[in-house]
Every structure is written in structure tokens, then in C-alpha cells.
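Chemist: Below are the sequence and a predicted model for it; my questions follow.
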Number of protein chains: 2
Amino acid sequence: MLDKTSGSKPGDEIERLISLMSRLPGLGKRSARRAVLHLVNKRESLMRPISEAVSDVYDKVQKCVECGNISTAARCGICTDESRELNKLCVVADVTDLWAMERSHTFLGRFHVLGGLLSALDGIDPNTLGIPKLVERVRSQPITEVILALSATVNGQTTAHYIADQLTNDSKVLITSLAHGVPVGGELDYLDEGTLDIAFKSRHEL
Amino acid sequence: MLDKTSGSKPGDEIERLISLMSRLPGLGKRSARRAVLHLVNKRESLMRPISEAVSDVYDKVQKCVECGNISTAARCGICTDESRELNKLCVVADVTDLWAMERSHTFLGRFHVLGGLLSALDGIDPNTLGIPKLVERVRSQPITEVILALSATVNGQTTAHYIADQLTNDSKVLITSLAHGVPVGGELDYLDEGTLDIAFKSRHEL
């Protein structure tokens, strides 16, 4: 009910840190309070390293000018890696999605990070996401396949269709998207009907 | 499966920050990754203030020498507040519990923060918690009531009984503990049998 730890006066510094931490995704006021107290209790083993690490990231990390990935250099490790396939471009909504693709070791081309998904409600339009820049990139580079690795949500699919529309003017490029179906290790019982329907229709011979 | 974002090389700085953040209570590897990315995306509006706030707290916040509360001064705001009742001492396990008591505005005396609960499994004994120091404090100050505001768990109750035993040598002090019962707004249906049993036995006339 009361947000402030009024009366206990733990100091404005702590209040401020709690309030900032509670703005991180996944942390509310209560968990931010616990996290800050944990920091205070682990002053040398955790608070000091975190303080240095945040300041380090602030000083050094920037967005790759080419793909939007985050990196300590102007062009990220993926964009400067000459061994990667230059003709394949994977479009993702966010850097976390790029990291997820990289962890799967399945894609060896380059990325384009949109930084979000089209959403009329949140006022995110094609220009906010830099879609004209993506179209320009596909046009100017020797790209033959654009893989739209966007989430299977309304916004994700709207964004995928919009990008596909923009790119089809350029007939040389193949536009693909991730397959839908049963997740590996997933039980049918827990699957929603939409996924099951798609998985059934896309069945293949064993 | 793979912990590292190997291949994508977002930089050791980011890896280090993610790994440190994932040691905070309530954050795992995945949520730490999201939190760090959120910081990078909100470079000026969030990362910079958090960086300054953590460093501020690191520089200024310490434990109150009297009660164990955290504070920017050697003795905390509660211990130096002469308007509070000097004869009542509330014993809590952690600073978060002190904050919770303060938010309820129900107690106007002073506190003693143990910094944990007795636990044979975790090797936390009375000396770790500074219980001899608490006994000494009760003996040397004009305290007439010690309220044991410890959780209703096995460790909480063990700690409460141990402290009560240590303090009863000093016959002038009244030792009390929080009442158990139905939480305000709580539905009986969701209550465990133990609480319901206690609430029933402690029933009072309306």
C-alpha cells in the first residue's frame, strides 16, 4: 500500500536505487527491495563488481551500425566475421532473439535487429523499426534469402507480412519464415489448438 | 543448455554483467539477460542513473552499529530518533522485515536486526546472529518489552525460543511475539490448517 519505506529512513540513496531497479523487466518494488538488500549484504563480493560492470557496459557497449546488435565496437562481431554466409539475412525483433538464434548454432549468416515489432497501439510504425533501412540493406548487399524469425504473435506476424510486402518488389530475394509446430520435448497435451493445427497440416513422412 | 551467448560475442562486459545480475534474488540467467538488454536499450534514462545509484549506495550505505539497520550514518535514523519509545525493542530477522514493520506504522520503538535465523543446516549459530550482543543490549538499556517479530517457520520459531530463553534470566523484561491468525483480506479457503487452528483457538468476543 505504501510504496516508500517512510520512517525507517534507510537513506535516499537506497530509495533511489530500489526505485530504479524496480523498472527492470521482471522486478517489482518488492523484489527490487530484496535485490538491493542482497547487494548491501554482499557489499564486496557483489555490489562492487556490479557497480564496475554496469559502468563498464555504459562506457563501452553500443549498437552495431550495420545490424543493430549490441557490441563493444562500431560494427559487431557477427558483421565483421568474414566466415559467415553473406547471402543470408535473419531478421529478429530483439537482441535477445539474436542471442537465442546464436545459442542454437543453426544459422551462420548475418542478422538484422528491428528493435521491436509493429504495433499501432504502442505507436511503433515501420520508420521506428527502421524497416526502410532493412529494405535498403537487402537491396544493396548480395543477399539471396531473408529469414523472418519473428514471434508467432499478432504483432510478430503483422511485422513479418509488412516486411515481406516491402521486399517482394525485389524479386531476386527468397523470403522465408520459421516453421511452426510441436516444440522439441513438448507434450501434445499442453499445446494450444493453433499450434497443433499447424503442426498437423505441416506433417511430413517419417 | 548453453549458458554462454557464444558466437554472438556481445562482449565480455555484457557477459560479466549478466552473470553478476543473475546472482540477485529473483533473477535467473534468462531474466538477467533481459534486464541487461533493457539497460542497454535505456542507456541514458536507466543505465546511467542505476550506475550512479549503485556506486552511491556502495560509497555511503553501512550497517547501523546499534541495531544492524542499513543507513548512511554510523547510527541509523531510528536509533537517533529521540521521539521513539526507548523501552520497546522489536527483534527482526532482516532489514526487509524492519521496513515492513515501518510501513505498517504500528510500532514506534527501536529495532534489533539479527541478519538471519538460527539454522543448524546452514551453520548459523547464535554467535553468527550476534544474539549475545542483543542480550547485552537488552540488559544495558531501559528496555521493558522485547517483541520477537520473527517468521512463523521452524527456523523463525527456534530462533524466537532461543532468544526468549536467553532473556528470561533477566526477569524484568516482558517477551512477546506477533499474533498468528487469519491475514486481513485472507480467505479461509486458502488458509493452511495450522493457521486456522491457531486463529480458532485465539478467537475473541466481537
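Modeler: It's in. Residues are numbered from 1 along each chain as shown, chains lettered A, B, ... in the order given.

Chemist: What ranges does chain A have for its strands?
Modeler: Ranges of strands in chain A, per DSSP state E, are A:62-63, A:70-71, A:88-92, A:110-113, A:145-148, A:174-177.

Chemist: just the helices in chain A please.
Modeler: A:12-21, A:29-41, A:48-60, A:77-80, A:95-104, A:131-140, A:154-167, A:193-201 (DSSP state H).

Chemist: what comes up buried for the shortest one?
Modeler: Going by neighbour count (16 or more other CB atoms under 10 Å in any protein chain shown), the buried part of helix A:77-80 is A:77-79. In this view, the C-beta of every residue, glycine as well, is placed from N, C-alpha and C.

Chemist: helices or strands up against it?
Modeler: strand A:110-113 (3 or more CB pairs under 8 Å, 6 or more residues apart in numbering or on different chains; DSSP states H and E).

Chemist: Given the strand it packs on, what are its sheet partners and their directions?
Modeler: strand A:88-92 (parallel) (DSSP bridges).

Chemist: Hey, what's the angle from the partner strand to helix A:131-140? Just curious.
Modeler: Calculated by axes from the mean of the first three to the mean of the last three CA atoms, to 10 degrees, strand A:88-92 forms an angle of 170 degrees with helix A:131-140.

Chemist: Relative to the whole chain's centre, how far out is strand A:88-92?
Modeler: Centroid separation for strand A:88-92 versus its chain: 13 Å, with CA atoms, centre = their mean, to the nearest Å.

Chemist: Only C-alpha atoms, please: export it in PDB.
Modeler: Extracted C-alpha coordinates of strand A:88-92, given in PDB (Å, rounded to 0.1, in the frame of the first residue of the first chain):
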ATOM      1  CA  LYS A  88      21.600 -15.000 -45.700                       C
ATOM      2  CA  LEU A  89      20.000 -12.400 -43.500                       C
ATOM      3  CA  CYS A  90      17.900 -13.300 -40.400                       C
ATOM      4  CA  VAL A  91      15.500 -10.600 -39.200                       C
ATOM      5  CA  VAL A  92      14.800 -10.600 -35.500                       C
END
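
Chemist: residue contacts, the residue most central in space within chain A?
Modeler: Among the residues of chain A, the one closest to the centroid is A:Asp94, at 2.1 Å (CA atoms, centre = their mean). A:Asp94 is in contact with A:113-116, B:37, counting by CB atoms under 8 Å, 6 or more residues apart in numbering or on different chains.

Chemist: pLDDT weak spots in chain A?
Modeler: Residues of chain A meeting the criterion pLDDT under 70: A:1-11, A:170-171.

Chemist: switch the cut-off to 50
Modeler: Judged by pLDDT under 50, chain A has its weakly predicted residues at A:1-9.

Chemist: Surely A:Phe107 touches A:Leu89?
Modeler: No. A:Phe107 is beyond contact range of A:Leu89, at 10.0 Å (criterion: CB atoms under 8 Å).

Chemist: rewinding a little: turn the strands of chain A into CSV, columns for mean neighbour count.
Modeler: Shown next, in CSV, are the strands of chain A (neighbours: other CB atoms under 10 Å in any protein chain shown):
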stretch, mean neighbour count
strand A:62-63, 16
strand A:70-71, 24
strand A:88-92, 22
strand A:110-113, 24
strand A:145-148, 20
strand A:174-177, 16
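
Chemist: burial of A:Tyr58, as a residue count?
Modeler: Neighbours of A:Tyr58 under the rule other CB atoms under 10 Å in any protein chain shown: 19.

Chemist: whoops, A:Ile50 was the one
Modeler: For A:Ile50, the count of nearby residues is 22 (other CB under 10 Å).

Chemist: Could you export stretch A:96-106 as PDB, CA atoms only?
Modeler: Only the C-alpha atoms of stretch A:96-106 are listed here, as PDB (Å, rounded to 0.1, in the frame of the first residue of the first chain):
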ATOM      1  CA  THR A  96      17.700 -11.500 -27.100                       C
ATOM      2  CA  ASP A  97      16.200 -13.300 -30.100                       C
ATOM      3  CA  LEU A  98      19.600 -12.900 -31.900                       C
ATOM      4  CA  TRP A  99      21.300 -14.400 -28.800                       C
ATOM      5  CA  ALA A 100      18.700 -17.300 -28.800                       C
ATOM      6  CA  MET A 101      19.500 -18.000 -32.500                       C
ATOM      7  CA  GLU A 102      23.200 -17.900 -31.900                       C
ATOM      8  CA  ARG A 103      22.900 -20.400 -29.000                       C
ATOM      9  CA  SER A 104      21.100 -22.800 -31.300                       C
ATOM     10  CA  HIS A 105      24.100 -22.700 -33.700                       C
ATOM     11  CA  THR A 106      21.700 -23.300 -36.600                       C
END
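
Chemist: Dig out what A:Leu148 forms beta bridges with.
Modeler: A:Val91, A:Ser177.

Chemist: For it, give its distance to chain B.
Modeler: 19 Å (CB to the nearest CB, to the nearest Å).

Chemist: now swap in A:Ser202 and tell me
Modeler: 25 Å.

Chemist: What of A:Gln157?
Modeler: Taking CB to the nearest CB, one finds A:Gln157 at 22 Å from chain B.

Chemist: and the nearest residue in space to that residue that is not next to it in sequence, what does it touch?
Modeler: In space, A:Gln157 comes closest to A:Leu150 once its chain neighbours are excluded; the distance is 7.2 Å by CB to CB, 6 or more residues apart in numbering or on different chains. By CB under 8 Å, 6+ apart, the contact set of A:Leu150 is A:91-93, A:117, A:156-157, A:159-160, A:177.

Chemist: Looking at these, which one is closest to A:Ala73?
Modeler: The nearest member of the contacts of A:Leu150 to A:Ala73, counting by CB to CB, is A:Val92 at 19.8 Å.
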